[in-house]
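Asks: Make a model of this:
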Amino acid sequence: MLALRLTRVARLAVQLRRLLVAVASAGTGFLLLCALGHAMTHQDTPGGSALRLAWCAAPLAATVYLAVAVARTDPGSRPRPGLSAIGLGPGRLMAVSATTTALSGALGSAAALLVFLHLRGDLTGLPFDGAAADALAVGRPLPVPAALTLLTLVPAAAGLAVALTLRPREPRRAPSTGSRGYGRFGAYGWGKARETFGAYGRFGARLAPATAGGGATRPTRPADMSADTSADMTATPVTPSAPSAPVRAAGAAHVDAAPADAPGDTLRARADVTPAPATADLPQPTPDAVPAPTTPAGTGAGAGTDAPRPQNTTALPWGIAVLTAGLAVETYAGNSASLAPDTTPSAGVLVGWAVTALGLALAGPGLTHLCGRLLQAARPGALRLLAGRVLMEESRRIGRPLGVVCAVASAAYVAATLYDGDGPAFGPLSTLGALLVAGCTVATLLTAAVEAKHARTDTTDALLRLGAPPATLRAAAAVRGGALLALFGPLTLIVAGLASLPLAR
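Replies: Residues are numbered from 1 along each chain as shown. The predicted structure follows:
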């Protein structure tokens, strides 16, 4: 009920993004139902039907990726002060976002089922003179459990992905540089004070009970001690802090002034001096005995120094390696199989493209970070410096969608080259799948750009207050876009050229 209320009162931009998720879910659900209809019509060739169902994984992944990006930019999923007091903590907000995404996916799946039943002629007459009867299994009973199972894939996958992405995480702690303090036997973890060997067994070290104010009193009087001496000793409380140097010097002079032939007086004189506390013999706590306090990442004054964020270029070599492996798989699959008219590409091509997209997604943040560094090279001015710094800060947020868009553009180029001329026919379902994948990836990139713009709102406002003209900020945005296009454009053409070589033979 709370998710429905938040969905109803959301702003227009948020509603449009959720509508995009519903439309993508409807298209993916329709493709899944068409794969089911093809399996019902061609029961003698289960391999071809399974291959069609496997190719539906591409629009399914693109839809889930878009749903996660939309959920991250939803203002209702951001924690606010005071919401935890009414039961809307981070975990509850995560559940609300996942439920809202699942509702959007369920709405799209319901629309896909209605369109599928309409095209089959189950609701009204058969439209289009039965042109799509082969993929819709016209005249055959539709298995309801199988259809419902396929339709629940998109809402369940999108809701689960949103829940995993927005789940509450423990604050990242910086690694401690201090040495561990070893206490007495049985002590665990970091001790409050470092204890030397034999400190536990020293006289009076463990006999002083703690008081309510945190101090300590003298131990109880032994049986063989005189009443006067015990009265003098118990009358003086012991404080936790050690006596100062003048007090110790005065006490030593007073003791030395006593006659040597009066042992009772000497004992009484020694008792008159304020004794040192029971813990004075123990070494004082040192800075390396207590671990340095850590603050969560992104919070506190020293968040940037206590827990430094990892560099965005660390995954770049792994992305290049995965991209190379994906191109190798595509080359092997292209050499071992050839496309005939009205056939679906092999599963090896699908796996190769999936690995290639994963490699570009891993390498995207590193490439964006390096692009920002190159903008600041060779004595940059204020414009290039601002554009490069923003690219470096936003490389993790927009780098992965850029890599996925690069992979989809490469696949579109290869498909246009492969299906041109006398190649196999590019049917309506293939066109729908390609439009779904391309539209979801571009929408995800635009959503990530909006999220990045909202994240740097404080920085933009600060620059405007300092007197920066708005034209400079727009020029910096244009410089960032041109730099990314200059880097990812040739990369897309290179990947597309390498991937199309084995498939064009």
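
Asks: Leu119 and Val70, how far apart?
Replies: 28 Å (Cβ to Cβ, to the nearest Å). Where you see a C-beta, it was placed from the backbone N, CA and C, and this is true even at glycine.

Asks: who has more neighbours, these two?
Replies: Counted by other Cβ atoms under 10 Å, Leu119 and Val70 do not tie: Val70 has more neighbours, with 27 against 23.

Asks: Show me which positions of the helix or strand hosting that one end up buried.
Replies: Using DSSP states H and E, Val70 falls within helix 57-72. For helix 57-72, a neighbour-count test (16 or more other Cβ atoms under 10 Å) marks 58-72 as buried.

Asks: For the helix or strand following that helix, list every residue counted as buried.
Replies: Toward the C-terminus, helix 57-72 is succeeded by helix 90-120 as the next helix or strand (DSSP H and E). Neighbour-count burial for helix 90-120, counted by 16+ other Cβ under 10 Å, picks out 90, 92-113, 115-117, 119-120.

Asks: if we can go back for a sec, which two of the buried residues of helix 57-72 have the greatest separation?
Replies: Farthest apart among the buried residues of helix 57-72 by Cβ to Cβ are Ala58 and Arg72. That separation is 21.8 Å.

Asks: For this protein, give me the ranges with low pLDDT.
Replies: Across the chain, the ranges flagged by pLDDT under 70 are 1-10, 76-88, 125-134, 170-313, 334-344, 419-426, 503-505.

Asks: for it, which helix is longest?
Replies: For the chain, the helix reaching the highest residue count under DSSP state H is reported as helix 470-503.

Asks: List the buried residues of that one.
Replies: 473, 476, 479-480, 483-484, 487-488, 491-492, 495-496, 498-500, 502-503.

Asks: which residues touch stretch 448-463?
Replies: Here stretch 448-463 makes contact (Cβ atoms under 8 Å, 6 or more residues apart in numbering) with Ala69, Arg72, Thr73, Val390, Glu393, Glu394, Arg397, Ile398, Pro401, Leu473.

Asks: first vs last residue of it, how far apart are they?
Replies: End-to-end span of stretch 448-463 (Cα to Cα, to the nearest Å): 22 Å.

Asks: And for stretch 449-467?
Replies: Terminal residues of stretch 449-467 lie 25 Å apart, using Cα to Cα.

Asks: same thing with stretch 418-437?
Replies: Stretch 418-437 end-to-end distance (Cα to Cα) = 18 Å.

Asks: ok, back up a step: please name every helix or strand in contact with the helix holding Val70.
Replies: Using 3 or more Cβ pairs under 8 Å, 6 or more residues apart in numbering; DSSP states H and E as the contact test, the elements touching helix 57-72 are helix 12-41, helix 90-120, helix 153-165, helix 347-375, helix 428-455.

Asks: residues in contact with it?
Replies: 17-18, 20-21, 24-25, 27-28, 31-32, 77, 97-98, 100-101, 104-105, 153-154, 157-158, 161-162, 165-166, 350, 353-354, 401, 404, 433, 436-437, 440-441, 443-444, 447-448, 451.

Asks: likewise stretch 32-46?
Replies: Under Cβ under 8 Å, 6+ apart, the answer for stretch 32-46 is 48-50, 52-53, 56, 60, 112-113, 116, 120, 134-137, 140, 143, 146-147, 150-151, 153, 429.

Asks: Give the buried residues for that stretch.
Replies: Result for stretch 32-46 [16+ other Cβ under 10 Å]: buried residues Leu32, Leu33, Cys34, Ala35, Leu36, Gly37, His38, Ala39, Met40, Thr41, His42.

Asks: ok, so what distance separates the last one from Ala135?
Replies: Read that as His42. Distance, His42 to Ala135, using Cβ to Cβ: 10 Å.

Asks: What of the third one?
Replies: Relative to Ala135, Cys34 is positioned 5 Å away (Cβ to Cβ).

Asks: so what's in contact with these two at the same time?
Replies: In contact with both Cys34 and Ala135: Leu429, using Cβ under 8 Å, 6+ apart.

Asks: of the buried residues of helix 57-72, closest to Ala416?
Replies: Closest approach between these and Ala416, by Cβ to Cβ: Ala58, at 16.6 Å.

Asks: Spatially nearest residue to Arg140 (excluding sequence neighbours)?
Replies: With Cβ to Cβ, 6 or more residues apart in numbering as the criterion, Arg140 has its nearest non-adjacent residue at 5.3 Å, and that residue is Met40.

Asks: got it, and Leu493?
Replies: Among residues not flanking Leu493 along the chain, Tyr413 sits closest, at 7.6 Å (Cβ to Cβ, 6+ apart).

Asks: ok, and for the strand or helix carrying that neighbour, which residues are buried?
Replies: Secondary structure assignment for Tyr413, by DSSP H and E: helix 395-418. Buried residues in helix 395-418, counted by 16+ other Cβ under 10 Å: 395-411, 413-415, 417-418.

Asks: can you state the direction angle for that helix and helix 428-455?
Replies: For helix 395-418 against helix 428-455, the angle by axes from the mean of the first three to the mean of the last three Cα atoms, to 10 degrees is 160 degrees.

Asks: Helix, strand, or coil at Ala377?
Replies: The three-state label given to Ala377 by DSSP: H, G, I helix; E, B strand; the rest coil is coil.

Asks: if we can go back for a sec, of the contacts of stretch 32-46, buried ones?
Replies: Of the contacts of stretch 32-46, these count as buried by 16+ other Cβ under 10 Å: 49, 52-53, 56, 60, 112-113, 116, 120, 135-137, 147, 150-151, 153, 429.

Asks: dump the residue contacts of the residue nearest to Gly319 when sequence neighbours are not counted.
Replies: The shortest distance from Gly319 to any non-neighbouring residue, by Cβ to Cβ, 6+ apart, is to Ala363 (2.8 Å). With contact set as Cβ under 8 Å, 6+ apart, Ala363 has these partners: Ala315, Leu316, Gly319, Ile320, Leu323, Gly403.
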